[in-house]
Every structure is written in C-alpha cells, then in structure tokens.
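J.: Okay, sequence plus prediction incoming.
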Amino acid sequence: MLPAAAEPEDYFMTANKENLTENVPLKSEINEASIIRRISLVGIIGNVALSAFKLFAGIAGKSGAMVSDAVHSLSDVFATFIALLGVRLSKKEADRRHPYGHERFECVASLLLGVILLATGLGIGKAGLEKILAGGYETLAVPSMIALAAAIISIVSKEAMYWYTRHYAKILNSPAFMADAWHHRSDAFSSVGSLIGIAGAILGFPIMDSIASVVICLFILKVSYDILKDAIVKMLDTSCGEDYEKALTAYVAAQDDVVQVDVLHSRMFGNRTYIDMELQVDGDLPLREAHAIAERIHDSVEAHFSDIKHITIHLNPAIQ
C-alpha cells in the first residue's frame, strides 16, 4: 500500500489498481455513514483541542512558530468540515439533472481543502519572512519549554490522526478524506519545524523560531500543490493509467466467448471509474445470445473491480 513517503497523488493514481489485489471490504460490508461520522468527530474534536492548546502554548511560551502551528491546526477544523460536506454530497443518488451521480463533489471538496492549505501556508510564510527581514534578532523573544512540549505533543497527535484518517479514507476510497489525512500530516510536518525552531531558539538562536515558520510554509505549500493537482486530474476525466487498463483488458479477454478486446478507455469520475469497451465475439451468434454475453461480462467486471461505477460494452463481430 501507500508508503509513508509517497505523495497524495501517488495514492490517488494507484488506488484503483491496488483494489485489484488488496483485501478491501466489499461495499456491502462497509457502514459508510458510521465511518464518515467517526472520521469527522476525530478530526473536529482533535483539532479544536489541539489548536487551543498550541495557541495557549505559543502565546505563553512566546513562540511565533507555535502560534503559526496553532493557526494551521485551526484550519484543519474547516478542512474536516469541507471534507465531510463533500463526501456526503458525493453519496447522493443520481437524479434527473445529474444522471451520472455526484461523485465529483469530492473533487470540489479537495480543491477547497487545497486552497485553504495554500492560503494558510502563504500566511505563515509571510509572517516568518517579515521577522527575518526586519533584523534585530537579539530582541526576539526566546520561547519557553511549554512551547517545546506543545510541539512534541502536536507531532504525536497529528501523526496518529493522519494514519487514522488515511486508513478509513482508503476503505471509503475517498479523495476528500485522503486530502484531509494529508492535511493532518502537513500539520505534523509543521510541528516538526516548530520543534526544531523552538529548540534552536532556546539554545541561543532566536531567529530559528522564525526560520521554522518559513520551513512550515514550504511543507504546507507542497501538500497543497499535491492535493490541488490530484483534484484537477480527477475532474478532467483522466484515464486510470496503462497498468490498470492492461489488468482490466486481461480480465475481460479471459472471459468465455470473448474473442478479443478491441478498445478500452477508462476515466476517473471523482472516486469512481467509468469504462468504455469494444469486444469481439462470434458474429454468427443470435442477438439475444450476444446480448447475454455482454450482460454477463458487464456484471462480472463491476463485481470484480469495486471502483468501477459503470462499464459500457459495444460488441463487434469477430474478424474471420
């Protein structure tokens, strides 16, 4: 599965392929509403408590980096609300005006999360650069140990929230909650920067606290870029990739009565996939038998590839 160092888009571009081999629970076995509630509660309650503690520690401990970190954690609260809203809207059934469903609401939510991260990162970086460029480093306040302790607690808490949210985002195959998970990890990265900056300031280098804020900004901007890129890719009907299409082609070609797969096109639609396929079958078959073959393959593919929302199959007569 996704290694710890992989980027968000690495997961999204390979998630469908991983579903072919990973022992992921069937949709019927997943209580999606319960999982969504749990993820949201953990994110909202955890971030509110952590933001309040870090803000207190940053002010009491005289650490600009920790105050910046608290602002980042507070942005996670809004991020979780947006992810929750996007996921709930994406679960709406297809209707007359939206016959293909609402899955792209998750992409919209991911875009909003990316923009929030971008704005947060730029704000933190601006504050840090202003202090660095202002000079007078000897007048900068030296953070106290409470700020250092807050950084350590934040790293542990946010990393735990990342793994928790990531685990259930994979079960739900939810890009919005996966983006929220990376929002948690970006906060953990921020706290690592805070820890280094605060420790450096305590050891006699006050400017390190401001430098840490700039480093935090860079981490946040990188994650923001990855989330925005993935959301845009999914809104542009991007294919699922050569490996995915090869695996699907091999599966269909191995089905009874299929002579050859002529054409296969895939496109991502939010967290689901649409497939258009042309197959060769015996041209002398009666229409009802040919139709039955197409229906059997259609049902088999949608049952075996859980990410596929719909597959359209066109039959061609086999070339003699």
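T.: All right, it came through fine.

J.: how about the strands of the chain, start to end?
T.: Using DSSP state E, the strands assigned to the chain run over residues 260-269, 272-281, 308-317.

J.: Most tightly packed of those strands?
T.: Highest mean neighbour count among the strands of the chain (mean count of other Cβ atoms under 10 Å): strand 272-281, with a mean of 20. Backbone N, C-alpha and C define where each C-beta goes, glycine included.

J.: which residues touch residue 276?
T.: Going by Cβ atoms under 8 Å, 6 or more residues apart in numbering, residue 276 touches 263, 264, 265, 311, 312, 314.

J.: you'd agree the third one is up against residue 239?
T.: Yes - the pair residue 265 / residue 239 is scored as a contact, 7.1 Å apart, by Cβ atoms under 8 Å.

J.: how many neighbours does residue 54 have?
T.: 31 (other Cβ atoms under 10 Å).

J.: ok, now residue 225?
T.: Considering only other Cβ under 10 Å, residue 225 is surrounded by 17 other residues.

J.: same check, this time on residue 71
T.: Per other Cβ under 10 Å, the neighbour tally for residue 71 reads 18.

J.: ok, it to residue 190 distance?
T.: The gap separating residue 71 from residue 190 is 10 Å, by Cβ to Cβ, to the nearest Å.

J.: Of all pairs in the contacts of residue 276, which one is the farthest apart?
T.: Maximum pairwise distance among these (Cβ to Cβ): 12.4 Å, between 263 and 311.

J.: can you tell which of the strands of the chain is closest to residue 104?
T.: Proximity to residue 104 (Cβ to Cβ) singles out strand 260-269 among the strands of the chain, at 6.7 Å.

J.: Partner strands of the closest one, with direction?
T.: strand 272-281 (antiparallel) (DSSP bridges).

J.: I'd like the mean pLDDT over the strand it pairs with, please.
T.: The pLDDT scores in strand 272-281 average 89.

J.: so it versus strand 308-317, what angle?
T.: For strand 272-281 against strand 308-317, the angle by axes from the mean of the first three to the mean of the last three Cα atoms, to 10 degrees is 20 degrees.

J.: can you map out the helices along the stretch 101-250 of the chain?
T.: 105-134, 145-172, 175-202, 207-235, 242-253 (DSSP state H, counting those that start in this stretch).

J.: any chance of those helices in JSON lines, plus distance to residue 58 and mean pLDDT?
T.: Formatted as JSON lines, the helices of the stretch 101-250 of the chain follow (distance: least, Cβ to Cβ, whole Å; pLDDT from 0 to 100):
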{"stretch": "helix 105-134", "distance to residue 58": "12", "mean pLDDT": "81"}
{"stretch": "helix 145-172", "distance to residue 58": "6", "mean pLDDT": "89"}
{"stretch": "helix 175-202", "distance to residue 58": "9", "mean pLDDT": "80"}
{"stretch": "helix 207-235", "distance to residue 58": "10", "mean pLDDT": "80"}
{"stretch": "helix 242-253", "distance to residue 58": "46", "mean pLDDT": "90"}
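
J.: so of these, which one's packed in deepest?
T.: helix 175-202 (a mean of 27).

J.: what angle separates it from helix 145-172?
T.: Using the same axes, to 10 degrees: helix 175-202 against helix 145-172 is 160 degrees.

J.: Report all helices and strands that helix 175-202 contacts.
T.: Packing partners of helix 175-202 (3 or more Cβ pairs under 8 Å, 6 or more residues apart in numbering; DSSP states H and E): helix 8-18, helix 32-60, helix 64-90, helix 105-134, helix 145-172, helix 207-235.

J.: so what sits against both of residue 71 and residue 190?
T.: With Cβ under 8 Å, 6+ apart as the test, residue 71 and residue 190 both reach residue 124.
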